[in-house]
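K.L.:
sequence first, then the predicted structure, then my questions.
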Amino acid sequence: MDPIDITPAAKAVVQTTNGGSIRAAVWTTAIVSVIGCVSLIIKQWGPWQIIAGNQRRADIEGMGKRIAELEARLDKQATDHAVKLDQERVQHSAEIQIMRHRMNNLDQCLTMLLALIELDPSKASDAATKVRQMRERQEINEAVEKGAIVGARFAAPAISED
């Protein structure tokens, strides 16, 4: 028989029995794996940045829309509030005007009663009756004025509250 020809593959197997080639293979595999991982990360870095940038852009646009909606809502509320304040100012002004008118009427009645009593104290009862009739007419007029104010409240446009 021919002597056994030891091929290079067999020499590698023989060498692995004493551990020489396994270390080299492990180090080679580790280095190749690290290079592969680094190249994969480098290759994917660009798309990751694009995805992250798109997400940030979408978030910023969403926040911008939300801010615009909130600003519009706030502007509407401010406008509605200003209108309501103006209506209340007009209403309070009318109420104060009625109060002044009433005070003037009362003052006028008291002054007239005193003047009639001073002219003829014996006719104080007649003077009181005349002043009472005058007051009744004034009270009817005051009630009409108050009714006009209440009617104006109901006629004022309703302000929507969001």
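P.N.:
Received, thanks.
K.L.:
lowest-pLDDT helix or strand in this structure?
P.N.:
Of all helical and strand segments in the chain, the minimum by mean pLDDT, DSSP states H and E falls on helix 8-17, at a mean of 52.
K.L.:
after that one, next one along is what?
P.N.:
Downstream of helix 8-17, the first helix or strand assigned by DSSP states H and E is helix 20-119.
K.L.:
which strands or helices does that following helix pack on?
P.N.:
Here helix 20-119 touches helix 8-17, helix 124-155, going by 3 or more C-beta pairs under 8 Å, 6 or more residues apart in numbering; DSSP states H and E. (Each C-beta comes from the backbone N, C-alpha and C, glycine too.)
K.L.:
the residue nearest the centre of the chain and residue 82, how far apart?
P.N.:
Nearest residue to the geometric centre of the chain (C-alpha atoms, centre = their mean): residue 70, 5.3 Å. Computed as C-beta to C-beta, to the nearest Å, the residue 70 to residue 82 distance reads 19 Å.
K.L.:
also residue 141?
P.N.:
When residue 141 is compared with residue 82 (using C-beta to C-beta), they lie 33 Å apart.
K.L.:
which one of these two is surrounded by more residues?
P.N.:
residue 141 (14 against 10; other C-beta atoms under 10 Å).
K.L.:
distance of that one from residue 147?
P.N.:
With the distance defined as C-beta to C-beta, residue 141 ends up 11 Å from residue 147.
K.L.:
now swap in residue 124 and tell me
P.N.:
For residue 124, the distance to residue 147 - C-beta to C-beta - is 34 Å.
K.L.:
looking at those two, which is more packed in?
P.N.:
When neighbours are counted by other C-beta under 10 Å, residue 124 and residue 147 differ, and residue 124 comes out ahead with 13 against 10.
K.L.:
pLDDT value on the more buried one, please?
P.N.:
pLDDT for residue 124: 85.
K.L.:
wait, what's in contact with it?
P.N.:
Going by C-beta atoms under 8 Å, 6 or more residues apart in numbering, residue 124 touches 116, 117.
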